[in-house]
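Asker: Sequence and predicted structure, then a few things I'm wondering about:
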Amino acid sequence: MAENGKSGLRQIRTAAPEDESSSNTVKAKTIDELHSLQKKRSELNSPVVGDRVVGLEQQLQSISATLASLTRDFGPKLVKGDPDATGATKVVVAAAASSIAVSDSGLKFTHVFYNLSPAELYEQAIKYERESFITSTGALATLSGAKTGRSPKDKRVVMDDLTKDDLWWGKGSPNIEMDEHTFLTNRERAVDYLTSLDKVFVNDQFLNWDPENRIKVRIVSARAYHSLFMHNMCIRPTLEELQDFGKPDFTILNAGKFPCNRYTNYMTSSTSIDISLSRREMVILGTQYAGEMKKGLFSLMHYLMPKRQILTLHSGCNMGKDGDVALFFGLSGTGKTTLSTDHNRFLIGDDEHCWGENGISNIEGGCYAKCIDLSQEKEPDIWNAIKFGTVLENVVFDATTRVVEYADSSVTENTRAAYPIEYIPNAKIPCVSSHPKNVILLACDAFGVLPPVSKLNLAQTMYHFISGYTALVAGTVEGVKEPTATFSACFGAAFLMLHPTRYAAMLAEKMQKHGATGWLVNTGWSGGSYGSGSRIKLPYTRKIIDAIHSGSLLNANYQKTAVFGLEIPTEVEGVPSEILDPINTWSDKDAYNATVLKLAGLFRNNFETFTGYGIGEDDSLTKEILAAGPIF
């Protein structure tokens, strides 16, 4: 019992109370033993015995084969576990029988971190990656190095017997050719770098929530950040699925910051992102931007799925409580994420989907959201998803509080958050749905001449799908108010493997078969172009989307516009009728007519890239698509 001393201060009692007996001591004799008591081994990482030894050996043999050099007869020696951890699992797959080690690399082990949990990846990132930090909400903030976005000019695809007559090459195509020898040269460089490291991170995961058409992918990377990113973005296998994973269908070898040799054929910089569809491999050199992996896999799906008569789509997707499904297409700034996120509807996915015989399925297991100017008021779901397990790329935060300052673009405008889709409260798991009822094409028309909403016939849907139009504004340049038209075929030209008309033909076939209606929704300007008019209010656009979902817009009265020939409703509940026909909102009618013709000319010039590709019997479908464009 504490007593007052002569000084008046309370004396500190040193005897333990009865319920804190010194007999309850930890049984460990050393600090290492104490730490070992703290960590209970999970089934996946427990020391292996009996048949499980064979399973682990097979797993390591598969990874060793993935990392094997093509110029030697063996792969690296692999050890599962942490090289710094005492008692790490010491099941080893050594190099294939060879009495001669070709270099010192033949004497070392490469430790494999296989499908680590987010907590384990956090520890690796914080301990070994100096640019990694934990933010105030628990997210992992990291930097992608010099590259803060994709490098499309450095992307290469192998042209060989499989691809030369099948892929979209030439003008307008994102597919820049390389030969197989150059691919293998870069592959060797990536493999040599990865196997020179003390440890690598390996993810075995799935693409596509449709179980009949899912793809097994393996990602080998040098950074914990990349492993956590792909853990979030791909579909996470169960323990049982992982044990029976087998050989992957596609592999990414991500050497990150290690550059390519600029003297290698086809190289134009120290960065190279290379895809070989014959080998089912992707090699990344000279960039740490994680989005290259995500979009590389999307390009793969754009090749594999159409071979199965499954359409791949760069779109958002949601489903109403009655089961009605809507697809949302749109380039950056059109409102695709905002409009497809609806608390009254289930989210199927925010970016990548397949449309097959069973309906729509999300390709991914996560979301990759833009963070610039993110606020809780405007995007509460994304805001609340940025928590433990989420990767924050290139954001700025307070050095003391670790509070992220989303409006700060000091590193880049392209700040991003990658999180599992189940972090969104109304996400539908599994991420599959029935066939869509509505296909909504979004355009932010800064010219101010497209109607807020138009109902499209099938040919018009294909025309505007192939065009992939939106307009950017030069708001960052003082005094410049002229909009700039931007076209991206199928609303995702950078990821297409086949000619855009092939995807459009599949879209038309599926829409016709399942009775889907096409809509063109302008989220841009009204009453004049950017600088003179004003942007269409978001509540009006939401009312339009609600009317599409409910089906009430199908029963409206329609009138046709000149030049573009678009069917526009005369009335939408909750939307001022005068704005539905854009000419009504322009005080200068001559200026409106001139601007319509200008935009129509831009559409026509862009579409010339696609006019030489015939589809349908006697090119009949091509003729229908061309006739659906502007007439002037």
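Answerer: Done, it's in. Remember, predicted model here, so these are calculated numbers, not experimental data. Residues are numbered from 1 along each chain as shown.

Asker: what's the first-to-last distance across stretch 173-186?
Answerer: Taking Cα to Cα, to the nearest Å, stretch 173-186 runs 23 Å from one end to the other.

Asker: Test my guess that residue 142 contacts residue 134.
Answerer: No - Residue 142 is beyond contact range of residue 134, at 10.4 Å (criterion: Cβ atoms under 8 Å). Glycine gets a C-beta too; all of them are placed from N, C-alpha and C.

Asker: Rounded mean pLDDT for stretch 235-245, please.
Answerer: Mean per-residue pLDDT for stretch 235-245: 93.

Asker: Neighbour count for residue 142 and residue 134, which is higher?
Answerer: The neighbour comparison of residue 142 against residue 134 (other Cβ atoms under 10 Å) goes to residue 142, with 25 against 15.

Asker: so how far is residue 594 from that one?
Answerer: Per Cβ to Cβ, to the nearest Å, residue 142 is found 49 Å from residue 594.

Asker: Going by residue numbers, what spans are strands in the stretch 501-632 of the chain?
Answerer: Along the stretch 501-632 of the chain, counting by DSSP state E, counting those that start in this stretch, strands occupy 517-522, 525-526, 534-535, 558-560, 567-569.

Asker: The longest one packs against which elements?
Answerer: With contacts taken as 3 or more Cβ pairs under 8 Å, 6 or more residues apart in numbering; DSSP states H and E, strand 517-522 sits against strand 438-443, strand 453-456, helix 458-467, helix 538-550.

Asker: which is the next helix or strand following the host helix or strand of residue 37?
Answerer: Following DSSP states H and E, one finds residue 37 within helix 31-38. The helix or strand immediately downstream of helix 31-38 is helix 51-66, counting by DSSP H and E.

Asker: can you list the helices and strands packed on strand 517-522 in TSV and add mean neighbour count, mean pLDDT and distance to residue 76?
Answerer: TSV is the format used below for these (neighbours: other Cβ atoms under 10 Å; pLDDT from 0 to 100; distance: least, Cβ to Cβ, whole Å):
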stretch	mean neighbour count	mean pLDDT	distance to residue 76
strand 438-443	25	98	48
strand 453-456	23	98	55
helix 458-467	24	96	46
helix 538-550	19	97	53
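
Asker: Can you lay out those as CSV showing distance to residue 370?
Answerer: Formatted as CSV, the helices and strands packed on strand 517-522 follow (distance: least, Cβ to Cβ, whole Å):
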stretch, distance to residue 370
strand 438-443, 15
strand 453-456, 25
helix 458-467, 23
helix 538-550, 17
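
Asker: Now do the same contact list for residue 592.
Answerer: 449, 582-583, 586 (Cβ atoms under 8 Å, 6 or more residues apart in numbering).

Asker: now do residue 554
Answerer: Going by Cβ under 8 Å, 6+ apart, residue 554 touches 455, 517.

Asker: Mind pulling up the pLDDT for it?
Answerer: Predicted confidence (pLDDT) for residue 554: 96.

Asker: which residue is nearest the centroid of this structure?
Answerer: The residue lying closest to the centre of the chain (Cα atoms, centre = their mean) is residue 294, at 4.7 Å.

Asker: Confirm that that residue sits in a helix.
Answerer: Yes - under DSSP: H, G, I helix; E, B strand; the rest coil, residue 294 sits within a helix.

Asker: where does it land on pLDDT?
Answerer: pLDDT, residue 294: 98.

Asker: Can you tell me how far it is from residue 256?
Answerer: For residue 294, the distance to residue 256 (Cβ to Cβ) stands at 15 Å.

Asker: now swap in residue 270 and tell me
Answerer: Using Cβ to Cβ, residue 270 is found at 12 Å from residue 256.

Asker: In terms of neighbours, single out the busier of those two.
Answerer: residue 256 (23 against 16).

Asker: Strands along the stretch 301-450 of the chain, start to end?
Answerer: For the stretch 301-450 of the chain, the strands defined by DSSP E, counting those that start in this stretch occupy 311-314, 316-319, 325-329, 346-349, 352-356, 359-362, 366-370, 391-393, 416-420, 432-433, 438-443.

Asker: Run through the residues that contact the closest residue to residue 561 other than its chain neighbours.
Answerer: If the residues on either side of it in the chain are set aside, residue 561 comes closest to residue 568, at 6.1 Å by Cβ to Cβ, 6 or more residues apart in numbering. Contacts for residue 568 (Cβ under 8 Å, 6+ apart) come out as 451, 453-455, 558-561, 580-581.

Asker: How about the contacts made by residue 173?
Answerer: Contact analysis of residue 173 by Cβ under 8 Å, 6+ apart lists 167, 496.

Asker: And for residue 300?
Answerer: Applying Cβ under 8 Å, 6+ apart to residue 300 gives the contacts 215, 250, 275, 277, 282.

Asker: next one: residue 414
Answerer: Contacts of residue 414 by Cβ under 8 Å, 6+ apart are 148-149, 370, 372, 394.

Asker: Select from these the one having the most neighbours.
Answerer: Going by other Cβ under 10 Å, residue 394 tops the contacts of residue 414 with 23 neighbours.

Asker: need the contact list for it.
Answerer: Contacts for residue 394 (Cβ under 8 Å, 6+ apart) come out as 143-144, 148, 411-412, 414-416.

Asker: Surely residue 321 and residue 344 touch.
Answerer: Yes - counting by Cβ under 8 Å, residue 344 is a contact partner of residue 321 at 7.4 Å.

Asker: which neighbours do those two share?
Answerer: Common neighbours of residue 321 and residue 344, counting by Cβ under 8 Å, 6+ apart, are absent.

Asker: tell me the helices in the stretch 101-250 of the chain, going along the chain?
Answerer: Here the stretch 101-250 of the chain has its helices, by DSSP state H, counting those that start in this stretch, at 118-128, 180-196, 224-233, 239-243.

Asker: which outside residues touch the second one?
Answerer: Identification of contacts with helix 180-196 by Cβ under 8 Å, 6+ apart yields 67-71, 75-76, 105, 110, 156, 158, 160, 200, 220, 222, 253-255, 258, 260-261, 264-266, 272, 274, 276, 278-279, 281, 283-285.

Asker: just the buried members of these?
Answerer: Those of the contacts of helix 180-196 that meet the buried threshold are 67-69, 75-76, 105, 110, 156, 158, 160, 200, 220, 222, 253-255, 258, 260, 266, 272, 274, 276, 279, 281, 283-285, by 16 or more other Cβ atoms under 10 Å.
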